[in-house]
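Visitor: Coordinates for the following, if possible.
(one chain, ligands or ions: 1)
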Amino acid sequence: MRSLLSFVVLTLGLLAAAEPVLSPYILHEKRTHIPTGWTLKRRHDPSALLPLRFALTQRNIDDIGKYLMEVSHPESEKYGKHWSASDVRDIFAPSDKTIDAVRSWLLESGVESERIRSSPTKGWIEVTSSVEEAERLLHTEYKLYGHSSGKEHVACDAYHLPAHIAPHVDFVTPSVHFDAKLTRRDSSEPARSIGQPGTGVGPKTSGKLEAAIPNDLSTCDQYITLDCLRALYGVEVTVPSSRSNSYGIVEYTRGAYLQTDLNMFFGNFSPDLYGKSPHLVSIDGGYAQTQDQGFDFNGESDLDLQYGMGLVGPSQTVTLYQVGDISEGASFNNFLDALDGSYCYYEGGDDPIQDATYPDPNEGGYKGPEACGTVTPANVISTSYGYNEADLTPFYTARQCSEYAKLGLMGITILYSSGDFGVAGHFDLCLNPDGTQTADGMIFNPTFPGTCPYVTSVGATMVPSGSSVYEPETACEEVIYSGGGFSNYFAMPDYQKTAVEYYLTHYHPDYPADIWNSTGKSRALPDISANGANYVVAVDGEFVLIYGTSCSTPVNGAIFTMINDARLAVGKSTIGFINPTIYSSAFAGAFNDITSGDNPGCGTNGYNATPGWDPVTGLGTPNFPKLLAAWLALP
Ligand SMILES: *[C@@H]1O[C@H](CO)[C@@H](O)[C@H](O)[C@H]1NC(C)=O
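Guide: All right, here's what the predicted structure looks like:
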């Protein structure tokens, strides 16, 4: 944020108008244009009241990657010494010096101390101020803008701060930002109804399964069941279930599971789970709605829970984080706010254009307050939703990405699916040189949050037709292609340098440098993979076949949950942020290397799966006995 601001010292002539002069005022933020749909109405009324808020600069945030490596790198002395939530809050909260500097300046400028409030997380200072006073404090002019929908917004073109205050303030609201919440009725955006992140991105199905479902391993190339996965990844060892362990699966309303589907699946494949439900934790009004049914509503949740719960077994409770009500929906930020109270306001808080706002103003919407730090995070959290990186601004993704680092500091493993369109983005969209995304775009389009270096991105494989579970898998090329590639926003983290450089040196993709991020300096994904084809899933009362990284993500989540069980049972820490560990030499061979298949998209064959890491299947699929041994060998 800071680097985007241009600081220009005003002339002394202008300063003479300001009283009291504490230090020269400098430009803090400036806007170049008004976003489309908005027009200037008039100068704002001087006596109107504004909730003037100063977002204070955070301490130590530039070091977050370093802190995370200290507790996550297997060779670090502090490996596994995760932080508490209050450690995280205290280390990154603005310093007392910052808070005092802004307070004193406000006091000296005539704001009475009763009017100066600090937010509970210390990230903000808020003053209820008249427009006249705010204009004097910020050397600005407030104006009223109107939107074609009838909505009004208060903003200014530019504002200034005293030079000695500027370094303590990220930004001020209201100011140049056009972050007025437009509801779906206001905007021309299509309604986002199903699973809001990525707007309806879900797994694919090839439809109803007509054949009888086999109960042996002879047809795993056509039908994946729990037994096929156990055989593929060696999940035959039972590990003791630790009571303190937890596995979380995240779903976004209207996406919802049906208990009748879970019963149908478990009745056939895991009778000891028959009748069992996940432990539902409602966030921002989330609930397992049953009014809208169909594959688009139930497919994802049914899949994630049937395989997630099925693999960890009956003694491990699976927590279902059900996020958002039916009308307003929710985003990853709404979920993260619920897990971490220090995130709700961090770096200015959520973006009301991307993120849902509660209480929901819509009729019948959830009227409670937005969840903020009220939910305990599970040790492993699996999410099968996503965006295209290009859907979001660099600032938005950076803010969210540093939150994943904070969860990693607390010992939590975060898994996201890498997408189902190969090198293209969700919905098969590719980038154009101007940054827009279209079906005929030529430039590879990576997915987010997988491009964030602090999450583990999961791709998809398959059992090739005619092969058994004891033969090598290939990259998934049935119905979907495994998402993979190189970020355009995030730099390559150190932990994957050796692996990715090996790939770029030995198997350099033969594409023009302007259709993929060929710099060799950007975050590469996915990190790992697992089977993503032909999953037998009970949806809406029938068995269907499902494909996608939506399948492989909860499967890996279940495996890491079992590894946490084993570590917790011997008094060790959770595995936390796994990337520095899984790329380390101690874990060489702990994933089954996938060396054939590719991930087409954007009019190309995409990348190839190759020996070692590749941008199709990452390091490969889990080998549970080897992973268990390697993780138990760590402190
Ligand atoms: C490639 O990625 C790097 C780092 O992630 C970024 O700085 C650069 O702008 C990207 N290039 C393009 C063409 O987007």
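Visitor: Do you have the helices of the stretch 251-400 of the chain handy? List them.
Guide: 259-269, 295-312, 332-339, 394-409 (DSSP state H, counting those that start in this stretch).
Visitor: try the chain
Guide: Using DSSP state H, the helices of the chain run over residues 12-15, 64-72, 85-92, 96-108, 131-138, 226-233, 259-269, 295-312, 332-339, 394-409, 497-506, 549-569, 579-582, 624-632.
Visitor: picking that back up, between the helices of the stretch 251-400 of the chain, which one is closest to the ligand.
Guide: Nearest of these to the ligand, taken as C-beta to the nearest ligand atom: helix 394-409 at 9.3 Å. Every residue, glycine included, has its C-beta placed from N, CA and C.
Visitor: can you give me how far the closest one is from the chain middle?
Guide: From the chain centre to the centre of helix 394-409 is a distance of 8 Å (C-alpha atoms, centre = their mean, to the nearest Å).
Visitor: Stretch 393-411 too?
Guide: So, by C-alpha atoms, centre = their mean, the centroid of stretch 393-411 is 8 Å from its chain's centroid.
Visitor: can you start the count at 52 instead of 1 from here on
Guide: Got it, the first residue is 52 from now on, which makes the last one we talked about stretch 444-462.
Visitor: Which positions in it come out as buried?
Guide: 447-462 (16 or more other C-beta atoms under 10 Å).
Visitor: do stretch 279-287 as well
Guide: Neighbour-count burial for stretch 279-287, with 16+ other C-beta under 10 Å as criterion, is recorded at 279, 280, 281, 282, 283, 284, 285, 286.
Visitor: before we move on, back to that, how about JSON lines for the helices of the stretch 302-451 of the chain, with distance to the ligand and mean pLDDT added?
Guide: Below are the helices of the stretch 302-451 of the chain laid out as JSON lines (distance: least, C-beta to the nearest ligand atom, whole Å; pLDDT from 0 to 100):
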{"stretch": "helix 310-320", "distance to the ligand": "41", "mean pLDDT": "97"}
{"stretch": "helix 346-363", "distance to the ligand": "29", "mean pLDDT": "96"}
{"stretch": "helix 383-390", "distance to the ligand": "20", "mean pLDDT": "95"}
{"stretch": "helix 445-460", "distance to the ligand": "9", "mean pLDDT": "92"}
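Visitor: Arrange the ones you listed in TSV, one row each, with distance to residue 669 as further columns.
Guide: Output for the helices of the stretch 302-451 of the chain, formatted as TSV (distance: least, C-beta to C-beta, whole Å):
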stretch	distance to residue 669
helix 310-320	28
helix 346-363	19
helix 383-390	21
helix 445-460	17
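Visitor: Looking at the ones you listed, spot the one closest to residue 158.
Guide: helix 445-460 (30.3 Å; C-beta to C-beta).
Visitor: Which strands or helices does that closest one pack on?
Guide: helix 115-123, helix 136-143, helix 383-390, strand 464-468, strand 536-542 (3 or more C-beta pairs under 8 Å, 6 or more residues apart in numbering; DSSP states H and E).
Visitor: Highest mean neighbour count out of these?
Guide: strand 464-468 (a mean of 29; mean count of other C-beta atoms under 10 Å).
Visitor: Identify whichever of the helices of the chain lies nearest to residue 427.
Guide: Closest among the helices of the chain, using C-beta to C-beta: helix 383-390, at 7.8 Å.
Visitor: per-residue confidence at residue 261?
Guide: For residue 261, the pLDDT comes out at 79.
Visitor: For the stretch 452-601 of the chain, which residues are neighbours of the ligand?
Guide: Proximity of the stretch 452-601 of the chain to the ligand (C-beta under 6 Å from any ligand atom) is limited to residues 538, 539, 540, 541, 542, 568, 570, 572, 573.
Visitor: quick one on the thing from earlier: closest one of the buried residues of stretch 444-462 to residue 323?
Guide: The closest of these, once distances to residue 323 are taken by C-beta to C-beta, is residue 462, at 29.3 Å.
Visitor: hang on, the earlier thing: mean pLDDT lowest for which of the helices and strands packed on helix 445-460?
Guide: Across these, helix 136-143 gives the lowest mean pLDDT, at a mean of 89.
Visitor: Report all helices and strands that that one contacts.
Guide: helix 445-460.
Visitor: From residue 470, how far off is the residue positioned nearest the centre of the chain?
Guide: Per C-alpha atoms, centre = their mean, the C-alpha nearest to the average position across the chain is that of residue 500, at 4.4 Å. Residue 500 is 11 Å from residue 470, where distance means C-beta to C-beta, to the nearest Å.
Visitor: Next, count neighbours for the spatially closest residue to residue 360 that is not a sequence neighbour.
Guide: Counting by C-beta to C-beta, 6 or more residues apart in numbering, residue 369 is the residue found nearest to residue 360 once chain neighbours are left out, at 4.8 Å. Neighbour count for residue 369, taken as other C-beta atoms under 10 Å: 26.
Visitor: Does residue 369 touch residue 328 like I think?
Guide: No. Using C-beta atoms under 8 Å, residue 369 makes no contact with residue 328, being 9.2 Å away.
Visitor: which one of the helices of the stretch 302-451 of the chain lies closest to residue 420?
Guide: helix 383-390 (10.7 Å).
Visitor: and the closest one with strand 464-468, angle?
Guide: 160 degrees (axes from the mean of the first three to the mean of the last three C-alpha atoms, to 10 degrees).
Visitor: just checking, what packs against helix 383-390?
Guide: Using 3+ C-beta pairs under 8 Å, 6+ apart: helix 383-390 touches strand 330-334, strand 369-374, helix 445-460.
Visitor: let's see it at 6 Å
Guide: Helix 383-390 sits against no helix or strand, with contacts defined as 3 or more C-beta pairs under 6 Å, 6 or more residues apart in numbering; DSSP states H and E.
Visitor: Give me the angle between it and helix 136-143.
Guide: 110 degrees.
Visitor: And the contacts of helix 383-390?
Guide: Outside helix 383-390, the residues within contact range by C-beta atoms under 6 Å, 6 or more residues apart in numbering are 248, 301, 334-335, 374, 394-395, 401, 406-407, 422-423, 425-426, 428, 454.
Visitor: Please repeat the previous calculation with a cut-off of 8 Å.
Guide: Helix 383-390 is contacted from outside by 248, 301, 334-335, 372, 374-375, 394-395, 401-402, 405-407, 409, 421-428, 434, 436, 451, 454, 458, 500, using C-beta atoms under 8 Å, 6 or more residues apart in numbering.
Visitor: re earlier: any residues in contact with both of residue 500 and residue 470?
Guide: With C-beta under 8 Å, 6+ apart, residue 500 and residue 470 have common neighbours residue 437.
Visitor: Tell me the spacing between residue 323 and the ligand.
Guide: 47 Å (C-beta to the nearest ligand atom, to the nearest Å).
Visitor: list the contacts for that residue?
Guide: 317, 364, 365.
Visitor: neighbour-wise, which of the residues you listed leads?
Guide: Counting by other C-beta under 10 Å, top hit in the contacts of residue 323: residue 317 with 22 neighbours.
Visitor: what's the nearest residue to that one if we skip its chain neighbours?
Guide: Nearest one to residue 317, counting by C-beta to C-beta, 6+ apart, is residue 324 at 4.1 Å.
Visitor: ok, that neighbour - contacts?
Guide: 313, 317, 360, 361, 364, 365.
Visitor: so what pLDDT did it get?
Guide: In this prediction residue 324 is given a pLDDT of 96.
Visitor: Pull up the gap between it and residue 318, please.
Guide: Using C-beta to C-beta, one gets 9 Å for the distance from residue 324 to residue 318.
Visitor: what do the two both touch?
Guide: With C-beta under 8 Å, 6+ apart as the test, residue 324 and residue 318 reach no residue in common.
Visitor: Give me the neighbour count for the spatially closest residue to residue 76 that is not a sequence neighbour.
Guide: Closest residue to residue 76 apart from its sequence neighbours, by C-beta to C-beta, 6+ apart: residue 211 at 4.1 Å. The tally of other residues near residue 211 (other C-beta under 10 Å) stands at 25.
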